[in-house]
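Asker: based on what follows, work out the 3D shape:
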Amino acid sequence: MLFSENKLIIAILLGAVAGIIAGALFGPAMVSVAWIGDLFLDTLKMMIIPLIVAAVISGVSSLGDIRKLGRVGGATLLYYGLTTASAVLIGLFVVNLIQPGVGIEQMSSTIPEKVAAKSDTGIVDIITSLVAPNILFAAADTQLLPVIVFCLVFAAALTTIGEKNVTLIHFFDGLNEVMMKLVVWVMTFAPIGIFALIAGQIGKAGGGTAIKNELLAVGSYCFTVILGLTLHFILLFIILIIFSQQGRTYLLKLLRALFTAFGTASSSATLPLTMECALEAGIDKRSVKFVLPIGATVNMDGTALYEAVAVMYIAQVYGYSMGLGEQTIIFITATLAAIGAAGIPQAGLVTLLIVLNAVDLPIESIGMILAVDWFLDRFRTTVNVWGDSVGAAVIESYLPEKTA
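Answerer: Numbers count the residues shown, from 1 in each chain. Below is the predicted model:
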């Protein structure tokens, strides 16, 4: 099995490299293969809702007494909150150290309509998004937060009805197993799908020459974001070693999920594979089914770090001085806003508007970083998925003892 896993990892990596080369060489011509990548991404997304419903309900009900959920849930939220906050701090540290926006001329670009339309989004909107008036519509629209909240409450109620819950629990356990089998089948096509996604995206960006010009224009900004993400990735690895029973091999087991996250730029689309990899690494299935679905929705370490760097970069370009007070606002707002960033491509742009508004920076300034956002999105999504995976390993030790 390990040999087969290694072959898939190598194939995914080769697909990503080939996509970069093909996109750079053939440019806009590669847009013609983008539909293959979209098909692969849509196939992964197709499994998200049934997998989350089955995994969360099965995971919570397997914990037994609902009162035991408090300890596990509290530890999960504490882990996600602390790691997200640490990501923002790392972002603020590197952007203050490097100051990538100093001396850069202001650039302009058109803001996408879907981003501009949400310019008034605030923390209250994120809180109210926890509940949907129609859960079926929310599921159809892939609104993960209300779906997960409903599943948590449903599963909690399920644990209180005694032996009558056996049939339902078996049903969701079985559904979860079927969905994981589908993941294995779909991942057979991952190398082709990731090749098409990356080649098509580079083609849309204009090919190698256009990307080179974009990177030269905001190269210092890209370097700052990637450096911050790398430091946080290392911090998460240290947390894994200290607070879990997993070792360095855990990272190797998660490579398929991490490469897929880089290729798809979607933590929620990668969720099925992340769960499969964590289970194969030996993580307790209760932790996998409870922690990872929640993490794919509310744990956005990479996104939070990116928002902090982006806002400070924009402020530096405009010549605005951000003191301790303003940076404290950025820290708090970026941490909270990242919680509401559903694991879909470019969701960080929408939540970035919240942080810009919090420190009174013009939302039009977001145009300065649009050209390379698709590129950085892949790195921050990879960190998001790694943070979720480490969380499953850490929370494993807080699970109640299994009953016979």
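
Asker: please report the distance of residue 335 from residue 297.
Answerer: 15 Å (C-beta to C-beta, to the nearest Å). C-beta: built from backbone N, CA, C; applies to glycine.

Asker: in this structure, where is pLDDT below threshold?
Answerer: Across the chain, residues meeting the criterion (pLDDT under 70) sit at 1-6, 63-69, 105-127, 129, 210, 214, 217, 339-350, 401-404.

Asker: what does residue 133 show for phi and psi?
Answerer: phi -70, psi -30 (degrees, to the nearest 10).

Asker: next, count neighbours for it.
Answerer: The tally of other residues near residue 133 (other C-beta atoms under 10 Å) stands at 7.

Asker: my read is that residue 231 contacts residue 92, right?
Answerer: No: counting by C-beta atoms under 8 Å, residue 231 stays clear of residue 92, with 12.0 Å between them.

Asker: more neighbours, the two?
Answerer: residue 92 (22 against 17).

Asker: tell me the secondary structure at the more buried one.
Answerer: Assigned with DSSP: H, G, I helix; E, B strand; the rest coil, residue 92 falls in the helix class.

Asker: and the nearest residue to it once chain neighbours are set aside, how many neighbours?
Answerer: Counting by C-beta to C-beta, 6 or more residues apart in numbering, residue 92 lies nearest to residue 308, which is 5.2 Å off, once chain neighbours are set aside. Neighbour count of residue 308, defined by other C-beta under 10 Å: 30.

Asker: can you list the buried residues in the helix or strand hosting residue 308?
Answerer: Following DSSP states H and E, one finds residue 308 within helix 301-318. Of the residues in helix 301-318, 301-317 count as buried by neighbour count, 16 or more other C-beta atoms under 10 Å.

Asker: helices of the stretch 301-404 of the chain, start to end?
Answerer: 301-318, 324-339, 347-358, 370-395 (DSSP state H, counting those that start in this stretch).

Asker: identify, out of those helices, the most deeply packed stretch.
Answerer: Highest mean neighbour count among the helices of the stretch 301-404 of the chain (mean count of other C-beta atoms under 10 Å): helix 301-318, with a mean of 28.

Asker: the inter-axis angle of that helix versus helix 370-395?
Answerer: 140 degrees (axes from the mean of the first three to the mean of the last three C-alpha atoms, to 10 degrees).

Asker: which elements pack onto helix 301-318?
Answerer: Here helix 301-318 touches helix 67-98, helix 219-243, helix 324-339, helix 347-358, helix 370-395, going by 3 or more C-beta pairs under 8 Å, 6 or more residues apart in numbering; DSSP states H and E.

Asker: and residue 187, which of these is closest to it?
Answerer: Smallest distance to residue 187 across these (C-beta to C-beta): 14.5 Å, for helix 370-395.

Asker: neighbours of residue 227, how many?
Answerer: Counted with other C-beta under 10 Å, residue 227 comes out at 17.

Asker: any idea how far it is from residue 220?
Answerer: 10 Å.

Asker: between those two, what contacts are shared?
Answerer: residue 98 (C-beta atoms under 8 Å, 6 or more residues apart in numbering).

Asker: tell me the secondary structure at residue 50.
Answerer: Applying three-state DSSP: residue 50 is helix.

Asker: shouldn't it be in contact with residue 182?
Answerer: No: if you go by C-beta under 8 Å, residue 50 and residue 182 don't touch, sitting 9.1 Å apart.

Asker: contact partners of stretch 230-248?
Answerer: Contacts for stretch 230-248 (C-beta under 8 Å, 6+ apart): 83, 86-87, 90, 94, 250-251, 281-283, 301-302, 305, 382-383, 386-387, 390, 393-394, 396-397.
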